[in-house]
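>>> Output the structure for:
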Amino acid sequence: MNVSLQQLKVFVAVARERSFTRAAREFDLTQSAVSRCVRELEDAVELKLFDRTTRQVELTNAGASLERRIGRLLDEIELTLREERAAYDGHTGVVVVASNPVLSSGWVAQSLARCADAYPDLVVSIKDQPQSSVLASVEQGEVDFGVVSVAEPLAGDLLHAQVLFTTPLHALIPAVHPLAKRNHVEWRELNEWTLITLNGDAGIRAALEVAFNTNQLKRRPLQELGHVAAVSRMVELGMGVGVLPIDGHWPLPAASLVTRPLVPETTVTTVLVQRRNRSLRPNATAAWAQFAATVIASDSSPLTAPLASQNFSWKAATSGHTVLHEP
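Presented below is the predicted three-dimensional model:
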């Protein structure tokens with residue numbers, strides 16, 4: 001079956017106007033050209049679509065059914081094309097960004113506000129996902145770009161990334177805790193305490209693995225939670241020592257608690273990621289630039305200013321409760 005979009009458009013116009021002449025004026029065609037278009041469509045679908053007399057044009061039952069369905073499809077095509085044209089305007093349309101839930105509740109929200117101020121007609125939609133799902137969504141083209149935090153980027157060809165800021169891990173403790181008397185806390189000192197931290201959805205687990213291996217910590221169960229507020233509450237209740245990334249870009253813990261830098265320093269790095277061999281649409285490029293600019297606006301120190309773009313691939317981290325067994 002060989003049917004053209006033009007034939008379908010002409011058919012819908014004739015059906016709507018009940019006139020070959022008026023449909024011809026709509027497309028700036030001759031009446032004979034419109035008649036030929038309809039006849040070719042009828043031959044292709046092997047259906048009679050109109051009953052024609054010298055005075056009027058009426059749809060057959062088959063024509064009426066086809067007109068309803070084809071009309072909806074043509075409207076959908078037109079809407080899709082308008083949306084795509086709007087996307088390439090650069091400041092309109094919809095951009096979808098994947099992010100882990102912890103980042104969404106802090107720095108990402110600031111970036112959304114910045115985009116709204118800069119481009120009121122641009123809709124940036126955040127898709128909260130576990131970190132491994134964020135990377136998968138970017139790779140599969142389900143979102144325009146993503147935001148993740150990683151501990152050990154690996155060279156590879158899967159994703160293109162722009163480093164935004166690097167955040168050190170801190171111990172989170174009540175003010176009356178013995179470790180609160182120190183200016184900093186050594187990793188090995190955590191052997192005495194139950195640790196409470198964020199789960200794999202936030203990209204923290206890999207950094208903890210690095211710290212445990214580097215500092216030869218005794219392996220034992222970790223309590224892993226999905227939000228900074230949950231970690232804070234458990235620390236407040238005396239259930240252990242929290243381990244969190246602490247700076248102005250991450251959600252801050254409860255004000256009743258104090259933080260101490262963990263040494264040797266272990267960090268997580270937050271990056272924007274996109275598919276390596278696929279250019280962003282202009283509106284997504286505009287949103288990407290605003291996300292990057294949020295870092296400059298909120299903290300101009302060398303530590304958190306955007307660095308040169310780098311190429312990374314990551315081993316996906318799983319989420320949930322982890323038990324680290326002693327060797």
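>>> and the longest strand anywhere in the chain, what does it pack onto?
Taking DSSP state E as the criterion, the chain has its longest strand at strand 154-174. Applying 3 or more CB pairs under 8 Å, 6 or more residues apart in numbering; DSSP states H and E, one finds that strand 154-174 contacts helix 131-139, helix 205-214, helix 228-236, strand 241-245, strand 257-263, strand 267-275, helix 282-298, strand 309-313. For every residue, glycine as well, the C-beta is placed using N, CA and C.
>>> List the pairing partners of that strand within its sheet, with orientation.
As defined by DSSP bridges, the strand partners of strand 154-174 come to strand 241-245 (antiparallel), strand 257-263 (antiparallel), strand 267-275 (antiparallel), strand 309-313 (antiparallel).
>>> between that strand and helix 131-139, how big is the angle?
Using axes from the mean of the first three to the mean of the last three CA atoms, to 10 degrees, the inter-axis angle of strand 154-174 relative to helix 131-139 is 150 degrees.
>>> Parallel or antiparallel, which strands does the helix or strand just after strand 154-174 pair with?
Note on strand 154-174: by DSSP states H and E, the next helix or strand toward the C-terminus is strand 185-186. Within its sheet, and counting by DSSP bridges, strand 185-186 is paired with strand 257-263 (parallel).
>>> which residues sit against the partner strand?
168-175, 177, 179-180, 182-187, 190, 211, 232, 235-236, 242-244, 246, 253 (CB atoms under 8 Å, 6 or more residues apart in numbering).
>>> What are the buried residues along that strand?
Neighbour counts over strand 257-263 (16 or more other CB atoms under 10 Å) mark 257-260, 262-263 as buried.
>>> same check, this time on stretch 129-138
129-138.
>>> Stretch 262-275 now?
262-263, 266-275.
>>> Widest-spaced pair of those residues?
Based on CB to CB, the longest span within the buried residues of stretch 262-275 runs between 263 and 275 and measures 37.4 Å.
>>> thinking again about what came up before, now tabulate the strands paired with strand 154-174 in JSON lines and tack on distance to residue 290 and mean pLDDT.
Shown next, in JSON lines, are the strands paired with strand 154-174 (distance: least, CB to CB, whole Å; pLDDT from 0 to 100):
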{"stretch": "strand 241-245", "distance to residue 290": "23", "mean pLDDT": "95"}
{"stretch": "strand 257-263", "distance to residue 290": "30", "mean pLDDT": "96"}
{"stretch": "strand 267-275", "distance to residue 290": "11", "mean pLDDT": "92"}
{"stretch": "strand 309-313", "distance to residue 290": "16", "mean pLDDT": "37"}
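>>> how about the residue nearest to residue 14 when sequence neighbours are not counted, secondary structure?
Counting by CB to CB, 6 or more residues apart in numbering, residue 14 lies nearest to residue 23, which is 4.4 Å off, once chain neighbours are set aside. Secondary structure, DSSP: H, G, I helix; E, B strand; the rest coil: residue 23 is helix.
>>> from memory residue 23 sits against residue 10, does it?
Yes - at 6.3 Å, residue 23 counts as touching residue 10 under the criterion of CB atoms under 8 Å.
>>> Domain ranges for this structure, per the record?
Split into domains by the TED database, the chain comes to 5-89, 94-296.
>>> Run the chain-centre distance for the last one.
The offset between the C-alpha centroid of domain 94-296 and the centroid of the whole chain comes to 15 Å, using CA atoms, centre = their mean, to the nearest Å.
>>> again with the shortest one
The gap between the average C-alpha position of domain 5-89 and the chain average comes to 39 Å, counting by CA atoms, centre = their mean.
>>> what about the spatially closest residue to residue 49 that is not a sequence neighbour, distance to residue 8?
Spatially, and ignoring its direct neighbours in sequence, residue 49 is nearest to residue 63 (3.6 Å; CB to CB, 6+ apart). Separation of residue 63 from residue 8 (CB to CB, to the nearest Å) stands at 12 Å.
>>> Just send the helices and strands packed on strand 154-174 back as a markdown table, with distance to residue 196 too.
Formatted as a markdown table, these follow (distance: least, CB to CB, whole Å):
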| stretch | distance to residue 196 |
| --- | --- |
| helix 131-139 | 19 |
| helix 205-214 | 11 |
| helix 228-236 | 5 |
| strand 241-245 | 5 |
| strand 257-263 | 11 |
| strand 267-275 | 17 |
| helix 282-298 | 27 |
| strand 309-313 | 29 |
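>>> Of the ones you listed, which is nearest residue 125?
Proximity to residue 125 (CB to CB) singles out helix 282-298 among the helices and strands packed on strand 154-174, at 10.2 Å.
>>> Check the gap between residue 52 and residue 214 for me.
84 Å.
>>> Apologies, that question was intended for residue 3.
Counting by CB to CB, the gap from residue 3 to residue 214 is 66 Å.
>>> How about residue 204?
Counting by CB to CB, the gap from residue 204 to residue 214 is 15 Å.
>>> If you count surrounding residues, which of the two has more?
A direct count of neighbours by other CB atoms under 10 Å for residue 204 and residue 214 places residue 204 higher, at 24 against 11.
>>> Give me the phi and psi for that one.
Dihedral pair for residue 204: phi -90, psi -30, per degrees, to the nearest 10.
>>> surely residue 138 meets residue 276?
No - Residue 138 is beyond contact range of residue 276, at 9.8 Å (criterion: CB under 8 Å).
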